[in-house]
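In: The following comprises the amino acid sequence and a computationally predicted model.
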Amino acid sequence: MSTYTPEVHSERVGDLGFITLNRPKALNALSLAMVRELHHVLQQWQDDSRIQAVVVRGSNKEGPFGAFCAGGDIRYFHQAALSGDATLEDFFTEEYSLNHLIQNYSKPYIALMDGIVMGGGMGISQGAALRVVTERTKMAMPETHIGLFPDVGGGYFLSRCPGHLGEYLALTGHVLRGGESLHVGLADVCVNSSELPALWDVLRQQDWASGEAVVAWLREQSKASTGQTMAAIPAWHNAPIDMVFGLATVAAIEQALQGTDEWSVQTLKALHHQSPLMLCVTLEQIRCGRHMTLSQDLRMERDLVRHCFQTDHLSRRGVRSETVEGIRALAVDKDHAPKWQPARIADVTPEMVQPFFKSPWPASAHPLRHLN
């Protein structure tokens with residue numbers, strides 16, 4: 001049983017369901033059609049007693065694997081925001097519903113996270129029963145770079161990283177390379193990328209007694225590589241991340257990074273490239289998410305993303321919003337010179353930040369009220 005759509009290929013082979021994200025020229029960035037197809041297929045397979053587990057991978061221009069998913073389709077966000085396209089609202093509601101489905105999937109869902117895994121790619125992988133990375137993995141939540149915040153459940157899974165690593169990753173958009181993600185709890189096992197085609201073939205050829213047997217087999221196959229990866233300590237491991245990113249405000253974090261050591265200099269440089277306003281929103285998001293269930297966090301993020309595109313408390317919509325300006329600078333005009341408002345961290349006030357956390361909807365009408 002196979003289903004071919006232009007951007008998602010799904011098929012049942014024996015006891016397993018296989019999904020390939022098939023938008024390689026866009027690094028498998030998620031379109032609304034992809035979100036809908038993924039939700040449809042996963043919902044069908046959850047109710048199919050013949051399927052024991054689901055395996056998902058990306059694709060690249062040369063073939064399978066090599067790029068998992070670079071996030072949501074930000075060019076679409078930009079166009080939709082400027083044209084008043086109502087499907088932009090649908091995209092985030094349906095994407096966050098998909099993230100919730102994956103996090104609560106009743107069968108083992110296995111994500112082969114080779115290559116780029118960012119933004120929306122994290123949303124469709126962090127809920128997996130087994131998160132497999134390779135030496136080629138580049139993992140990040142870089143949304144503050146475009147005047148957004150780490151959504152798709154980022155407030156939930158980043159806040160559960162050890163110590164204050166979640167704040168560090170959320171604010172800086174730091175890219176975790178290879179098996180570094182194992183050290184922060186955002187991956188489970190590591191394999192060599194060259195082994196993925198053979199593993200995929202074995203999964204398709206064998207009969208499996210249960211989904212748990214698939215997970216156990218993959219863990220065993222990756223044992224040696226995972227052990228070697230965990231033995232390699234990341235360069236940032238000894239940086240004072242907890243001390244700095246545990247501080248109460250972004251302004252205090254900025255002040256603590258005034259040192260001359262390389263980590264402080266590079267980290268401060270990263271913060272100064274991001275939207276000051278969204279840095280402050282993001283810090284509050286991670287701190288709130290730490291004490292929320294997944295469904296509560298996703299509802300909060302749905303509120304936040306509405307305010308990102310319709311920042312009515314600051315009288316800013318469309319081209320004047322931080323998010324549209326951030327996408328313009330990165331992906332449309334590509335001048336890499338966003339005009340943030342305000343331009344400095346010191347100029348962000350609580351009155352600018354707190355309205356982001358007020359829901360535009362009553363609880364009974366919230367677009368994600370069905371999540372539990």
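Out: Here it is on my side, so go on. Residues are numbered from 1 along each chain as shown.
In: Averaged pLDDT, the helix or strand residue 287 falls within. What do you get?
Out: Element membership for residue 287, per DSSP states H and E: helix 276-289. Averaging pLDDT along helix 276-289 yields 98.
In: Quick one: distance of that helix to the chain centre.
Out: Relative to its chain's centre, helix 276-289 lies at 16 Å (Cα atoms, centre = their mean, to the nearest Å).
In: Tabulate the CA atom coordinates of that helix in PDB.
Out: Provided in PDB are the C-alpha atoms of helix 276-289 (Å, rounded to 0.1, in the frame of the first residue of the first chain):
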ATOM      1  CA  PRO A 276      15.300  42.000  20.900                       C
ATOM      2  CA  LEU A 277      11.600  41.900  21.300                       C
ATOM      3  CA  MET A 278      11.300  38.200  20.400                       C
ATOM      4  CA  LEU A 279      14.300  37.400  22.600                       C
ATOM      5  CA  CYS A 280      12.300  38.700  25.500                       C
ATOM      6  CA  VAL A 281       9.100  36.900  24.400                       C
ATOM      7  CA  THR A 282      11.100  33.700  23.900                       C
ATOM      8  CA  LEU A 283      12.700  33.700  27.400                       C
ATOM      9  CA  GLU A 284       9.300  34.100  28.900                       C
ATOM     10  CA  GLN A 285       7.900  31.300  26.700                       C
ATOM     11  CA  ILE A 286      10.600  28.800  27.800                       C
ATOM     12  CA  ARG A 287      10.200  29.700  31.500                       C
ATOM     13  CA  CYS A 288       6.400  29.300  31.200                       C
ATOM     14  CA  GLY A 289       6.700  26.100  29.100                       C
END
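In: And the helix or strand that comes right after it, what does it pack against?
Out: Next along the chain after helix 276-289, taking DSSP H and E as the criterion, comes helix 294-309. Using 3 or more Cβ pairs under 8 Å, 6 or more residues apart in numbering; DSSP states H and E as the contact test, the elements touching helix 294-309 are helix 87-103, helix 154-157, helix 276-289, helix 322-327. C-beta coordinates here come from the backbone N, C-alpha and C atoms, glycine included.
In: looking at those helices, which is buried most?
Out: helix 154-157 (a mean of 26; mean count of other Cβ atoms under 10 Å).
In: Specify the angle between whichever helix or strand comes after that helix and helix 276-289 in degrees.
Out: Where DSSP H and E defines the elements, the next helix or strand beyond helix 154-157 is helix 165-172. Helix 165-172 and helix 276-289 meet at an angle of 160 degrees, taking axes from the mean of the first three to the mean of the last three Cα atoms, to 10 degrees as the criterion.
In: And the contacts of helix 165-172?
Out: 140-141, 144, 149-150, 154, 158-161, 174, 176, 184, 241-242, 244-246, 250, 253, 267, 270-271, 274, 279, 282-283, 285-287, 290 (Cβ atoms under 8 Å, 6 or more residues apart in numbering).
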